[in-house]
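In: please work out how this folds:
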Amino acid sequence: MRWALVKVCLAVTAMVVIAFAVPLGLVIREMASDRAFSDAERQAAMIAPALSITTDREELTRAVLSTEPGDRGRLAVHVPAPDKAADGTVGEALDIGTRRASPKDVETVRKAGRASITEASGGFALLQPTALSTGDIAVVEVFVPEGEVSNGVATAWLILAGVGVALIVGSVAVADRLGVRMVQPAQRLAGAAQDLGEGRLATRVPEEGPTELRSAAVAFNSMADQVVQLLANERELAADLSHRLRTPLTVLRLNAASLGEGPAADQTRAAVEQLEHEVDTIIRTAREQRPQTQGVQTGAGCDASEVIRERMGFWSALAEDEGRKVRLAGVDRAVRIPVARPELAAALDALLGNVFRHTPEGTAFAVDVHHSGDAVIVLVSDAGPGIADPEAALARGTTKPGAVGSTGLGLDIVRRVAESTGGDLRIGRSVLGGTEVRIWIGLHGSSPERGRRGHGRRVTRRFGRQRRKESRTTAGPATSAPS
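Out: As a prediction, the model looks like this:
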């Protein structure tokens, strides 16, 4: 494409140069010729006053030699012989100066009475008729060398040729730069498309170059972002669906633990452990392959109180089997939040599943909901051993490889649900003595500012005062590891 553009530009420029340079060169040659013969006519007119006064040979000779062309041997005067006198004598024709034109040409000009240019040896002869005092016609001959006729023509043609070559070279250089400016973005776009097709999803194209290629680059980058987002959503969905299997697996594990001893019970517990291992593997694989995303789609929203009551009803049955004291508060009225029902349910199951998974049997836990006007705060607290490093637990993907029963995705699901509404997730020490997870869900896409966080801490302290009478459990030395 680049060289094709250069060739086209070269051909067009060459045609333009030829179309203008050739006629201009011919015009210059004609101008030089006209200038030379105009000077010759002026020189011929210089001898006309002398011819109008006298036809004496000596006087005419002095007049001819007094002129520049006459002194250089380029001026001649041809005076015809006078008519026969009354006494019968015939005058003599005069030829003063160096003759170059033929007598026939001189006689033709005399009879026609018009100036003429005829070829002569080494140049041209201008024959100019001039009237004499006797009424006859004399012919003044001025010789114009061939060099004067073409004086400056060669130089002008060389200048025109140089200008033409410069125009052609300049146009080729400009065409080459334009070709580079057009071809390089196109090549980058083609290379990026090939890289994207080979799976390098981080490939992007600089949005530069001509308008059309810049628009193509913008469209390509937008397409690449959509591909990455679609893949991310697919992997997030795979990881989230796999993590939701942890809830029924927890129930199976608890039920298997109550089966007692025997081959069937051992096989059931082994099968549950194997199933948990496979689910963990699926979750880790999905997390390792997915790129970082910016939250989840919240859908049309749901009633947080209703979803929390429903999930607590499910987990309360398991808590009763394990002798856990459960408390639920703040769900006596409907609270609409901009989170899809399945997403909120998955987040609650992830937090409550951590309580059952990482605290001893008989450990109490509580779920409190508070509506602050522009946000909903959900507090999930337990009386277990707590988390030694909340920052590490919140960091995405900080779970150590090979950690048994933990994928690091549970808190990640909860965090994405909160951040999708402009909220956040925090981990602290609960008034029950163990871990407290605070979910801040914005109702209008607002982010938790410093004042709101302070308000959240005041809410936490208020709930703490309500629960202190029930929280007498002391924390043990172990540390829970949320999944």
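
In: now do the most centrally placed residue in the chain against Arg426, distance only.
Out: The centre of the chain sits closest to Glu207, judged by C-alpha atoms, centre = their mean, with a distance of 0.9 Å. As judged by C-beta to C-beta, to the nearest Å, Glu207 and Arg426 stand 39 Å apart. Yep, even glycine has a C-beta here, placed from its N, CA and C like the rest.

In: ok so, going back, ok, the residue nearest to the centre of the chain to Ser215 distance?
Out: Separation of Glu207 from Ser215 (C-beta to C-beta): 9 Å.

In: test my guess that Pro185 contacts Pro210.
Out: Yes - applying C-beta atoms under 8 Å, one finds Pro185 in contact with Pro210, separated by 7.3 Å.

In: the two: who's more crowded?
Out: Set Pro185 next to Pro210 and count neighbours by other C-beta atoms under 10 Å: Pro185 wins out with 21 against 13.

In: I'd guess that one is in a strand, am I close?
Out: No - applying DSSP: H, G, I helix; E, B strand; the rest coil, one finds Pro185 to be helix, outside a strand.

In: now do the contacts for the closest residue to it other than its chain neighbours.
Out: Spatially, and ignoring its direct neighbours in sequence, Pro185 is nearest to Gly209 (3.3 Å; C-beta to C-beta, 6 or more residues apart in numbering). With contact set as C-beta atoms under 8 Å, 6 or more residues apart in numbering, Gly209 has these partners: 181-182, 184-186, 217.

In: Val27 too?
Out: For Val27, no contacting residues are found, by C-beta under 8 Å, 6+ apart.

In: next SSE downstream of the helix or strand containing it?
Out: For Val27, the host element (DSSP states H and E) is helix 2-45. Next helix or strand after helix 2-45 toward the C-terminus (DSSP H and E): helix 48-53.

In: how far is that following helix from where the chain is centred?
Out: Centroid separation between helix 48-53 and its chain, computed with C-alpha atoms, centre = their mean, to the nearest Å, is 84 Å.

In: burial of the residue lying closest to the residue nearest to the centre of the chain once chain neighbours are set aside, as a residue count?
Out: Take Glu207 and drop its neighbours on the chain: the residue closest to it by C-beta to C-beta, 6+ apart is Ala217, 4.6 Å away. Residues within reach of Ala217, counting by other C-beta under 10 Å, total 21.

In: phi first, then psi, for Ala217.
Out: phi -70, psi -40 (degrees, to the nearest 10).

In: returning to what we had before: the residue nearest to the centre of the chain against Asn221, yeah?
Out: Yes - look at Glu207 against Asn221 with C-beta under 8 Å: they come within range, at 7.0 Å.

In: got the CA positions of the strand or helix carrying Leu425 in CSV?
Out: Using DSSP H and E, the element containing Leu425 is strand 424-429. Output of strand 424-429 as CSV, limited to C-alpha atoms (Å, rounded to 0.1, in the frame of the first residue of the first chain):
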residue,chain,number,x,y,z
ASP,A,424,-17.5,-1.5,50.8
LEU,A,425,-16.6,-4.5,53.0
ARG,A,426,-14.8,-4.4,56.3
ILE,A,427,-13.6,-6.9,58.9
GLY,A,428,-13.2,-6.2,62.5
ARG,A,429,-13.6,-7.6,66.0
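
In: find the nearest non-adjacent residue to Ser52, please.
Out: Excluding its sequence neighbours, the residue lying closest to Ser52 (C-beta to C-beta, 6+ apart) is Ser133, at 5.8 Å.

In: at which residues are the strands of the stretch 51-200 of the chain located?
Out: Ranges of strands within the stretch 51-200 of the chain are 75-79, 94-97, 116-120, 123-131, 137-145, based on DSSP state E, counting those that start in this stretch.

In: average pLDDT across stretch 8-19?
Out: Here stretch 8-19 scores 78 as its mean pLDDT.

In: and it, which residues are buried?
Out: Within stretch 8-19, the residues scored as buried using 16 or more other C-beta atoms under 10 Å are 9, 13, 17.

In: does the first one really touch Gly170, like I thought?
Out: No - here Cys9 does not reach Gly170: they are 10.1 Å apart, not a contact under C-beta under 8 Å.

In: picking up where we left off before, give me the residues contacting the strand holding Leu425.
Out: Outside strand 424-429, the residues that touch it by C-beta under 8 Å, 6+ apart are 386-387, 390, 393-394, 411, 414-415, 418-419, 435-440, 447-448, 456, 460.

In: mind checking which of these are in helices?
Out: Under the assignment DSSP state H, the contacts of strand 424-429 contribute 390, 393-394, 411, 414-415, 418-419, 456, 460 to helices.

In: now the two most distant members of those.
Out: Using C-beta to C-beta, the two most remote members of the ones in helices among the contacts of strand 424-429 are Glu419 and Thr460, lying 19.6 Å apart.

In: pLDDT weak spots in the stretch 351-483 of the chain?
Out: Counting by pLDDT under 70, the ranges of the stretch 351-483 of the chain that qualify are 395-409, 445-483.

In: output the ones in helices among the contacts of strand 424-429 in TSV; the columns should cover distance to Ala125 and neighbour count.
Out: Shown next, in TSV, are these (distance: C-beta to C-beta, whole Å; neighbours: other C-beta atoms under 10 Å):
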residue	distance to Ala125	neighbour count
Pro390	115	18
Ala393	114	22
Leu394	110	19
Leu411	112	24
Val414	112	26
Arg415	108	19
Ala418	109	23
Glu419	104	18
Gly456	115	21
Thr460	121	20
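
In: re the thing from before, between the strands of the stretch 51-200 of the chain, which one is nearest to Asp176?
Out: Proximity to Asp176 (C-beta to C-beta) singles out strand 137-145 among the strands of the stretch 51-200 of the chain, at 47.6 Å.

In: circling back to that earlier point, pull the contacting residues for the residue nearest to the centre of the chain.
Out: Shown in contact with Glu207 (C-beta under 8 Å, 6+ apart): 214, 217-218, 221.

In: same check on Ile28?
Out: 152-153, 156-157, 160.

In: buried ones among the residues you listed?
Out: Buried members of the contacts of Ile28, scored by 16+ other C-beta under 10 Å, are 153, 156-157, 160.

In: output those residues in TSV; the columns should cover distance to Ala190.
Out: Converted to TSV, those look like this (distance: C-beta to C-beta, whole Å):
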residue	distance to Ala190
Val153	53
Ala156	50
Trp157	47
Leu160	43
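
In: now do the same for the residue nearest to Pro185: helix, strand or coil?
Out: coil.

In: quickly note the distance from it to Arg181.
Out: For Gly209, the distance to Arg181 equals 6 Å [C-beta to C-beta].
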